[in-house]
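**Student:** sequence unknown, structure follows:
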């Protein structure tokens, strides 16, 4: 693992530090930066992003250090945004190196200490299912899109409004019970395994599942997913990480 890894999320930004006991600092991502992640072009004002990056580096004591920095990104993220952040980091007084790294492979290696597994990333803007082999995503992430942030405001017996974009750029609200959302995510996990295992010649990803909450995962949803995973793959291990928490919670089969 690098000295420092930076993950700019749609709700929270995490800075991970290596060492004998890895640690992290969590920051709230400003609304202006959230908008830049969604839509970034050459004419976009970057003043708020520059200010936020400067605050991150100062608060994390990165300015002028010799630390190597890895920017964690998902394959479906805006590449212009990622490249801008990378150039900004390279332009300040680092004497180390800066690079872009696949977020889900990095997290599986950090929390599971493994190269193979399936990452279920429940984020504020989207949920992604990513099978990983030898620290490389096997197939493209399967994603549930916009409206996920509303899910985490609901109780288990309530329903959540997910938005579907229509061809005429209008939005259709889907009123979906929370248990159905858990089943939906489980279907995506099964689909991702079906897609990737023909490439790997073995069902490696059914051994380890890493569920990351992004700090907003509903406890009921995580519990339902974990139960379904263990039912479908009894010999598997399930790791759960709440990225907003300072401590790591790892849930095995018998916990």
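**Tutor:** Okay, I see it. Nothing here was measured: the structure is a model prediction, and the numbers come from that model.
**Student:** can I assume residue 183 sits in a strand?
**Tutor:** No. Counting by DSSP: H, G, I helix; E, B strand; the rest coil, residue 183 falls outside a strand, being helix.
**Student:** report the contact partners of it.
**Tutor:** residue 228 (C-beta atoms under 8 Å, 6 or more residues apart in numbering). Quick note: C-beta positions are derived from backbone N, CA and C, even for glycine.
**Student:** by mean pLDDT, flag the weakest helix or strand of this protein.
**Tutor:** Every helix and strand of the chain was ranked by mean pLDDT, DSSP states H and E. The lowest is strand 159-165, at a mean of 39.
**Student:** from one end of stretch 92-106 to the other, what's the distance?
**Tutor:** 24 Å (C-alpha to C-alpha, to the nearest Å).
**Student:** I meant to write stretch 32-50 there.
**Tutor:** Taking C-alpha to C-alpha, stretch 32-50 runs 11 Å from one end to the other.
**Student:** that one: which residues count as buried?
**Tutor:** Neighbour counts over stretch 32-50 (16 or more other C-beta atoms under 10 Å) mark 33, 34, 36, 37, 40, 46, 49 as buried.
**Student:** how is the fifth one assigned, secondary-structure-wise?
**Tutor:** By that I understand residue 40. Going by three-state DSSP: residue 40 is coil.
**Student:** wait, it sits on residue 82?
**Tutor:** No. Using C-beta atoms under 8 Å, residue 40 is not in contact with residue 82, being 9.2 Å away.
**Student:** count residues in the vicinity of residue 59, would you?
**Tutor:** 11 (other C-beta atoms under 10 Å).
**Student:** how about the contacts made by it?
**Tutor:** Residue 59 neighbours (C-beta under 8 Å, 6+ apart): 25, 27.
**Student:** about what we covered before: quick check: the farthest pair among the buried residues of stretch 32-50?
**Tutor:** In the buried residues of stretch 32-50, two members sit farther apart than any others by C-beta to C-beta. They are 34 and 46, at 13.8 Å.
**Student:** wait, residue 14 touches residue 4, no?
**Tutor:** No. The criterion here is C-beta under 8 Å, and residue 14 misses it with residue 4 at 10.8 Å.
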